[in-house]
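1. give me a model of this one.
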Amino acid sequence: MALNHHQILCYNDKFLYLRSSYNITTTTLFKIMMNKYQIGTNAGIVWRILSDNAHWDYEKLKEVSGLSDRDLNAAIGWLAREDKIDFDIDEQHDRLFLHVNVYIG
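-> Numbering: from 1, shown residues only. Coordinates of the predicted model:
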């Protein structure tokens with residue numbers, strides 16, 4: 001998403017949204033907000049798909065999940081930040097898979 005000089009990316013405890021120096025209607029604001037609850041829900045969708053322990057490429061994961069690029073990327077970011085996934089990147093493919101945590105003790 002490209003921002004122009006009249007827009008600023010804002011965040012509060014529930015939403016990521018654009019704030020503009022122009023007046024925005026509630027309907028417009030609702031369309032551009034990204035709800036953290038929805039990102040978490042989408043992260044759960046992606047996690048369940050990845051739970052087969054296969055290495056998934058982005059396009060196949062997008063197709064199976066039914067998520068848009070924006071929603072899928074947010075979900076991947078959520079899972080990466082929680083250290084739930086790893087990436088297998090080579091010259092031809094970028095793949096994602098579940099990170100395995102092993103605790104001994």
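2. what's next to stretch 90-101, contact-wise?
-> With contact meaning Cβ atoms under 8 Å, 6 or more residues apart in numbering, stretch 90-101 is reached by 47, 50-51, 53-58, 61, 76, 83-89. Every C-beta, even on glycine, is put in place using the N, C-alpha and C of the backbone.
3. just the buried members of those?
-> Neighbour counting with 16 or more other Cβ atoms under 10 Å marks 47, 50, 56, 61, 76, 84-85 as buried within the contacts of stretch 90-101.
4. for the protein, just list every one of the strands.
-> Using DSSP state E, the strands found in the chain span residues 7-11, 15-20, 34-35, 56-57, 85-89, 94-98.
5. ok, residue 83 to residue 59 distance?
-> 24 Å (Cβ to Cβ, to the nearest Å).
6. mind jotting down where the helices sit in the protein?
-> 26-32, 36-50, 58-65, 69-81 (DSSP state H).
7. same list, the ones you listed, but as CSV with mean pLDDT and distance to residue 102 please.
-> Formatted as CSV, the helices of the chain follow (pLDDT from 0 to 100; distance: least, Cβ to Cβ, whole Å):
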stretch, mean pLDDT, distance to residue 102
helix 26-32, 54, 41
helix 36-50, 95, 17
helix 58-65, 96, 25
helix 69-81, 95, 18
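8. can you lay out these as CSV showing distance to residue 99?
-> Formatted as CSV, those follow (distance: least, Cβ to Cβ, whole Å):
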stretch, distance to residue 99
helix 26-32, 32
helix 36-50, 10
helix 58-65, 15
helix 69-81, 9
